[in-house]
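A.B. asks: I'll drop the sequence and a predicted model, then ask my questions.
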Amino acid sequence: MENPAEEIVNVATLVTAAINPEIQKAAVLKYYAQDVSFRHPFCAVEAGPNSRAAMLAILQWYRVLSPVLSVRANSVTYDKEKHSVFLDVTQTFHIRWSPLKPAPARLIVHLTLRPEPEPTDPSKTIYVIASQEDFYHPDDLAALLVPPLIPVVRGALHAATLACKVYARAFGVLGYWTARDGEGGRGVQLRPEGEPLPPVDENEGVELQERPSGDKKND
């Protein structure tokens, strides 16, 4: 890629939803580094000599499982200085032999790019994908594999939230991590212009900076 910000969406489409296996393979060989690494909830590829072959096999198996696959990039964030790209993606994945209706699944893809000289013109710089990480919420993983389980997974997540609220209150009564009245739980009253706050960490004794006294309002 010469311009990752403009090209990355097309690259993501080619490697995951190409219309035929030849285009997919050509895209992987062109845009992924030979020693690429990959992390996914269900598999991983460690960086190493020709680890790109394992990456290609995963993407090919992905298409075997889902011959009809749609991918839409909702947003792209490119950090040029850190050679990092985040894509917010929605995909519809339908397992070949599944009678279940597919459901859209959202994921965040983090790509780390590596600048390299252009093979045919070393004076130019291109960017290849050195690592890829795919992040899913639990209900989006359910949408990927067994869509009818989406309500069950979401219900479990809400149940976990309720449990956190109950446990926080119960253990607070017992004196565990109990917040006292006042800002920061230490009796400090929050004022519009700010004031010295308690240490961020008692052991380190780190305190937030106090505004100059001239900037404070009198009570």
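C.D. replies: Looks like it arrived, so ask away. Residues are numbered from 1 along each chain as shown.
A.B. asks: what bridges to the residue nearest in space to the middle of the chain?
C.D. replies: Taking CA atoms, centre = their mean, the centroid of the chain lies closest to residue 108, which sits 4.0 Å from it. Assessed by DSSP bridges, residue 108 has beta-bridge partners residue 88, residue 135.
A.B. asks: verify the contact between it and residue 88 for me.
C.D. replies: Yes: shown here, residue 108 and residue 88 form a contact pair, counting by CB atoms under 8 Å, at 6.0 Å. Every C-beta, even on glycine, is put in place using the N, C-alpha and C of the backbone.
A.B. asks: quick one: contacts of stretch 59-76?
C.D. replies: Contact with stretch 59-76 is made by 5, 8-9, 12-13, 15-18, 21, 24-25, 28, 85-96, 106, as judged by CB atoms under 8 Å, 6 or more residues apart in numbering.
A.B. asks: filter those residues down to the buried ones and hand me the PyMOL line.
C.D. replies: Buried residues among these (16 or more other CB atoms under 10 Å), as a PyMOL selection:
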select buried, resi 8+9+12+13+15+16+17+18+24+28+85+86+87+89+91+92+93+94+106
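A.B. asks: next, check the contacts of stretch 59-76 against the strands and list the overlap.
C.D. replies: Those of the contacts of stretch 59-76 mapping onto strands are 85, 86, 87, 88, 89, 90, 91, 92, 93, 106, per DSSP state E.
A.B. asks: count of neighbours near the residue nearest to residue 23 when sequence neighbours are not counted?
C.D. replies: Distance criterion CB to CB, 6 or more residues apart in numbering; nearest residue to residue 23, sequence neighbours excluded, is residue 14 at 6.3 Å. When neighbours are counted by other CB atoms under 10 Å, residue 14 registers 18.
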